[in-house]
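Novice: need a 3D model of the following:
(chains A and B)
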Amino acid sequence: MEKELNKLSKINRVKVPPEIFNSIVYKMEANKNTVSYKWLLKAAAISIIIISIDLYLLDEFANYNLDNEINYEIYSLNNGLYEI
Amino acid sequence: MNNKPKLLYEKYKELVFNVALHYTQNIEDAEEITQDVFISIFENIKDFREESTLKTWAYRITINKSLDFLKSKKRLKRIFFFKSLKIDDQEKKISIPEINHPGVILENKESVNAIFNGINKLPSKLKTVIILLKIEGKSQKETAKIMQLSVKAIESLFQRAKKKLAVILKDNEI
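Specialist: Now for the predicted structure:
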């Protein structure tokens, strides 16, 4: 086995293709753009969530007030606190 | 981009590319890994703590990226497994990636390719030990530093790797 493995030590160093560095620079630039694009998407998603929550709360709040007023009037009428 | 990344690249490009080549045994994959390794080095150089040398750090990143690359390649192969079932045998032969390490001398090509076939079937730690000790010619101490293990652990991993490889090569002969 040792003899077989020693054949591996005869493997020569291979020269690096010259175009790799440019590809690295290109990939890094592309990554930067992807990152900023992802941030934009995240910001948009967060804004949509906040707006949805706001609309929901506004709706709930409006209904709550109206319901309360109606309930109060019914309660008042039933209990003689309020006369038409 | 300032000059520092270029200098780093010039210093370690051969190390990174050749280690990636030992793992993948083909130029295209080694190129891809080299790109990923240097992107990772450039992005994380500020966080580099000088507990180890830059060279050891470059080795570690290259080994991890190579293993990740091979894992994701395996996963892809599994996904397309059913597709390949439909392809007839002739086409299947074409799609099997051939071992084509450009650093292997012609007279040794057949036997070294057989050894690489065996090495590729070893678990990642055993594979790394053989690559560092036998191909990269690192000492046990250096290998221990790179793999963040003790020298004793490296010794025992190497013995296990040899035993396993012998069994695999014997099975392949039959």
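Novice: residues of chain A that sit close to chain B?
Specialist: Contact residues (Cβ under 8 Å from any Cβ of the partner chain) of chain A with chain B: A:1-2, A:4-17, A:20-21, A:23-25, A:27-28, A:31. C-beta: built from backbone N, CA, C; applies to glycine.
Novice: filter those down to the ones in helices?
Specialist: Of the residues of chain A next to chain B, the ones assigned to helices by DSSP state H are A:2, A:4-6, A:20-21, A:23-25, A:27-28, A:31.
Novice: among these, name the buried ones.
Specialist: Listed as buried from these are A:4-5, A:20-21, A:23-25, A:28; burial here means 16 or more other Cβ atoms under 10 Å in any protein chain shown.
Novice: same list, those residues, but as CSV with distance to residue B:31 please.
Specialist: Formatted as CSV, these follow (distance: Cβ to Cβ, whole Å):
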residue, distance to residue B:31
A:4, 29
A:5, 27
A:20, 6
A:21, 11
A:23, 8
A:24, 10
A:25, 14
A:28, 16
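Novice: and chain B, what are its domains?
Specialist: Domain segmentation of chain B under automatic domain parsing yields B:1-102, B:104-174.
Novice: could you pull out the helices for chain B?
Specialist: Under DSSP H, chain B gives helices at B:3-24, B:27-44, B:54-79, B:81-86, B:89-95, B:109-119, B:124-130, B:140-147, B:151-173.
Novice: state the distance from the spatially most central residue of chain B to chain A.
Specialist: In chain B, the C-alpha nearest the mean C-alpha coordinate belongs to residue B:23, at 2.2 Å (Cα atoms, centre = their mean). Using Cβ to the nearest Cβ, to the nearest Å, we find residue B:23 at a distance of 13 Å from chain A.
Novice: pLDDT score assigned to that residue?
Specialist: With respect to pLDDT, residue B:23 scores 96.
Novice: what of residue B:80?
Specialist: 73.
Novice: wait, residue B:14 touches residue A:17, no?
Specialist: No - in this structure, residue B:14 is not within contact of residue A:17 by Cβ atoms under 8 Å, at 11.5 Å.
Novice: where does pLDDT dip in chain B?
Specialist: Applying pLDDT under 70 to chain B flags residues B:1-2, B:51, B:81-97, B:174.
Novice: please list the residues of it that sit near chain A.
Specialist: Counting by Cβ under 8 Å from any Cβ, chain B sits next to chain A at B:1, B:6, B:9, B:13-14, B:17-18, B:21-22, B:27, B:31, B:34-35, B:38-39, B:42, B:101-105, B:108, B:111-112, B:115, B:130, B:134-135, B:137, B:162, B:165-166, B:169.
Novice: possible to save the ones in helices among the residues of chain A next to chain B as TSV with distance to residue A:56 and pLDDT?
Specialist: Listed next are these as TSV, based on distance: Cβ to Cβ, whole Å; pLDDT from 0 to 100:
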residue	distance to residue A:56	pLDDT
A:2	73	81
A:4	71	86
A:5	68	89
A:6	73	89
A:20	53	92
A:21	53	92
A:23	49	92
A:24	48	93
A:25	47	91
A:27	43	90
A:28	42	89
A:31	37	83
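Novice: on contacts alone, who are the packing partners of the helix or strand hosting residue A:60?
Specialist: In this assignment (DSSP states H and E), residue A:60 forms part of helix A:20-78. Packing contacts for helix A:20-78, counted by 3 or more Cβ pairs under 8 Å, 6 or more residues apart in numbering or on different chains; DSSP states H and E, involve helix B:3-24, helix B:27-44.
Novice: contact partners for residue 24?
Specialist: Unless you meant another one, I'm taking chain A. Neighbour list for residue A:24: B:9, B:35, B:38-39, B:42 [criterion: Cβ atoms under 8 Å, 6 or more residues apart in numbering or on different chains].
Novice: sorry, should have said chain B
Specialist: Counting by Cβ under 8 Å, 6+ apart, residue B:24 has contacts B:30, B:33, B:66, B:69-70.
Novice: likewise for residue B:62?
Specialist: So residue B:62 contacts B:15-16, B:19-20, B:33, B:37 (Cβ under 8 Å, 6+ apart).
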